[in-house]
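**Student:** Fold the stuff below for me.
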Amino acid sequence: MSASLQPVSAAFARRGAEAVARDLLGRLIVRTLDDGTRLVARIVETEAYLGAPDRASHAWNHRRTARNASLYLPGGHWYVYFIYGMHHCLNVVAGRTGVGGAALIRAVEIVEGREAAQRLRGLDGVARPGQIAGGPGRLCRALAIDRAFDGRSVREANLWLARGEAVSQAEVAVGPRIGVAYAGEAARWPLRFAIRGHAEVSRPRP
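**Tutor:** Now for the predicted structure:
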């Protein structure tokens, strides 16, 4: 296995959600399907959710439900939730046990297994930029990710977070998060991170 496909360190996600979300850019998600097909996706866009102080977070005001239980695990676990009755969203839990911080993975670039990912998305022909995995729901369908992965370690087989290559600060675009207008002041916090100019980043681009 190449160095870029080695799992991230156990300490990678034990930091704050903002730092984790920024440093996820350029990292790789490695997904092995039941038939042995391997999909590798480079992370190009993320958002940070800070837990109790953040009205946009599922852990705002220390809210605890059966749905968000994985948010309170120590950093380094997947948090997968289902939204609008149709989309799964993939997050990396960040910080210490009980904090409730997480980094949402908003968009990826498929760098291995593109045909399989496109098939999982039900797409024929040549896909446009962002059409396969440019958005949290799209990327989960492209990588066959659902609630079965919720609460699992990001270093486990079948779905792991790999080292990839870090992205320089000059390449990072920063802006407010998408779809959180209900969160008041928190809606304006600059907690969305993307690789500047990358075609797979979801719209509107930061």
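**Student:** Reduced to three states, what does the residue sitting furthest away from the middle of the chain come out as?
**Tutor:** Most distant from the centre of the chain: G125, at 26.5 Å, with distances by CA atoms, centre = their mean. Secondary structure assignment for G125 (DSSP: H, G, I helix; E, B strand; the rest coil): coil.
**Student:** Check what pLDDT it gets.
**Tutor:** On pLDDT, G125 comes in at 87.
**Student:** that's a strand at A21, yeah?
**Tutor:** No: checked against three-state DSSP, A21 lies outside a strand; its state is helix.
**Student:** quick one: contacts for it?
**Tutor:** Applying CB atoms under 8 Å, 6 or more residues apart in numbering, one finds that A21 lies in contact with T46, E47, A48, A94, A103, L104, L191, F193. Heads up, the C-betas are built off the backbone N, CA and C, glycines and all.
**Student:** now A41
**Tutor:** Here A41 is in contact with L28, I29, R31, V108, E109, I110, V111, A117, A133, L139, A142, L143 (criterion: CB under 8 Å, 6+ apart).
**Student:** Narrow the residues you listed to those in helices?
**Tutor:** Residues of those located in helices (DSSP state H): A117, L139, A142.
**Student:** In the chain, what residue spans correspond to helices?
**Tutor:** Assigned by DSSP H, the helices in the chain fall at 17-24, 114-120, 136-142.
**Student:** name the helices or strands packed onto the second one?
**Tutor:** Using 3 or more CB pairs under 8 Å, 6 or more residues apart in numbering; DSSP states H and E as the contact test, the elements touching helix 114-120 are strand 38-49, helix 136-142.
**Student:** tell me the most buried of the ones you listed?
**Tutor:** Comparing the helices and strands packed on helix 114-120 by mean neighbour count (mean count of other CB atoms under 10 Å), strand 38-49 ranks first with a mean of 25.
**Student:** and the residue nearest the centre of the chain, bridged to which residues?
**Tutor:** Centroid-nearest residue in the chain: I105, 1.8 Å away (criterion: CA atoms, centre = their mean). Assessed by DSSP bridges, I105 has beta-bridge partners T46.
**Student:** Check the one 5 residues further on too.
**Tutor:** Under the criterion DSSP bridges, I110 forms beta bridges with A41.
**Student:** ok, how many other residues are close to it?
**Tutor:** Neighbourhood size, I110 [other CB atoms under 10 Å]: 23.
**Student:** Show me which of the contacts of A21 is closest to I83.
**Tutor:** L104 (10.9 Å; CB to CB).
**Student:** Look up the pLDDT of the closest residue to the closest one other than its chain neighbours for me, please.
**Tutor:** Closest residue to L104 apart from its sequence neighbours, by CB to CB, 6 or more residues apart in numbering: E47 at 4.5 Å. At E47, the predicted lDDT confidence score is 98.
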